[in-house]
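Enquirer: predicted model and sequence below, questions to follow.
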Amino acid sequence: MAIKLKLRNTRQKRYRKLTMKDIRAASHRLKNWGRWGNDDEIGTLNHVNAEDIVAAAQLVRKGKVISLALNYDQHGPQGGKSKYPALGRFNPVHMMLRTGTDAYSGVLDHRKIRGTDDLIIMPLQCGTQWDGLGHILYGNYMWNGYDCRNVTSAGAQKAGIEKTREKMVGRGVLLDVARALRKKWLPDGFAITNEVLDYTAEKQRVTVRRGDYLLVRTGHLERCLAAKSWDGYSGGDAPGLAFETLDWLQGKQMAAIVTDTWGVEVRPNETSDANQPWHWIAIPMMGLAVGEIFDLGALAKDCAEDKRYEFLFVAPALPITGAVGSPVNPLAIK
């Protein structure tokens with residue numbers, strides 16, 4: 001199969017391709033409410049069973065562990081000029097409660113032990129992170145048809161991220177789209193279509209299966225690291241998944257989708273009628289687990305070297321009660 005790198009040249013052309021009618025149709029076509037019971041709170045993570053995890057563990061052959069996380073510090077992706085500063089996200093603020101200087105001075109010797117302590121203040125989605133199923137709403141509803149008012153000032157009373165505490169483990173598959181298209185990184189506005197996903201899998205000789213954790217590399221995060229600038233990364237133009245991939249992901253019965261971009265889907269979006277229309281369907285209607293801001297550079301390099309694009313994926317969210325997102329240190333183990 002041959003494929004060309006195609007860009008949609010104008011916003012006007014892009015906007016005409018997706019309408020609210022399309023979004024509403026997808027909401028009915030891809031709705032998974034009740035699929036795993038009326039009380040379900042974990043969505044597509046139900047696609048993974050015990051046998052899948054046992055099989056994924058057999059993929060570990062050389063004992064190599066690759067972290068897919070950015071460090072959580074003041075140099076994170078919230079530091080650039082953002083298109084959406086109103087989101088209120090900021091880089092982590094790390095502070096010390098007790099220091100080695102305190103110990104050296106003897107001011108805390110009355111405790112009869114010398115040590116250090118610290119704390120961190122951070123939005124849960126400021127860096128490498130999982131979106132929870134309470135993060136995006138469709139009208140007045142969240143995942144599985146729960147009333148959106150279940151997310152209160154005390155947190156999500158339904159589908160909180162803590163419900164996934166024993167999930168996010170299984171077979172990981174990397175689709176290195178940028179490398180498959182012979183690009184260091186994909187250009188902003190490039191929409192990854194179903195055809196591109198199939199082409200990449202075929203080129204890498206890997207089969208995407210039910211219950212997989214699918215990682216899609218665009219190179220966008222690496223481009224920012226190379227430029228030493230996060231300007232535009234949060235909410236700016238970016239390569240990403242086309243709206244049509246929702247049907248592809250549903251058909252493949254993915255446990256989760258992960259990318260190295262701020263918001264998974266292509267930006268500018270394919271419509272002016274809705275912001276992040278892919279999210280409107282993926283999270284509240286499909287119950288799809290979504291990971292963002294993953295650093296896939298080292299994993300991509302290793303996969304290209306050993307020609308193995310599958311691995312054991314271990315990336316549990318922090319069990320923060322009622323949270324609608326979570327930082328994570330995802331691991332690919334080969």
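Expert: Arrived safely.

Enquirer: what distance do you get for Val177 to Thr193?
Expert: 10 Å (C-beta to C-beta, to the nearest Å). Using the backbone N, CA and C atoms, a C-beta is placed for each residue, glycine as well.

Enquirer: ugh, wrong one, Val107
Expert: The value you get for Val107 to Thr193, if C-beta to C-beta is used, is 62 Å.

Enquirer: higher neighbour count, the two?
Expert: Taking neighbours as other C-beta atoms under 10 Å, Val107 and Thr193 compare with Thr193 leading, 18 against 11.

Enquirer: contacts only, for that one.
Expert: The contact partners of Thr193, taken as C-beta atoms under 8 Å, 6 or more residues apart in numbering, are 242, 244-245.

Enquirer: so Phe311 lies in a strand, does it not?
Expert: Yes: per DSSP: H, G, I helix; E, B strand; the rest coil, Phe311 lies within a strand segment.

Enquirer: what about Val264, how many residues nearby?
Expert: Counted by other C-beta under 10 Å, the residues lying close to Val264 total 27.

Enquirer: without its sequence neighbours, what residue ends up closest to Asn49?
Expert: Computed as C-beta to C-beta, 6 or more residues apart in numbering, the closest residue to Asn49 that is not its neighbour in sequence is Gly211, at 6.9 Å.

Enquirer: thinking the one you found is in contact with Gly170, fair?
Expert: Yes: applying C-beta atoms under 8 Å, one finds Gly211 in contact with Gly170, separated by 6.0 Å.

Enquirer: now do the shared contacts for these two.
Expert: 48, 52, 255.

Enquirer: just confirm the first one contacts Lys167, I think it does.
Expert: Think Val48. Yes: Val48 is within contact range of Lys167, at 7.0 Å (criterion: C-beta under 8 Å).

Enquirer: which residues do those two both contact?
Expert: Ala255.

Enquirer: tell me which of those two has more neighbours.
Expert: Set Val48 next to Lys167 and count neighbours by other C-beta under 10 Å: Val48 wins out with 25 against 19.
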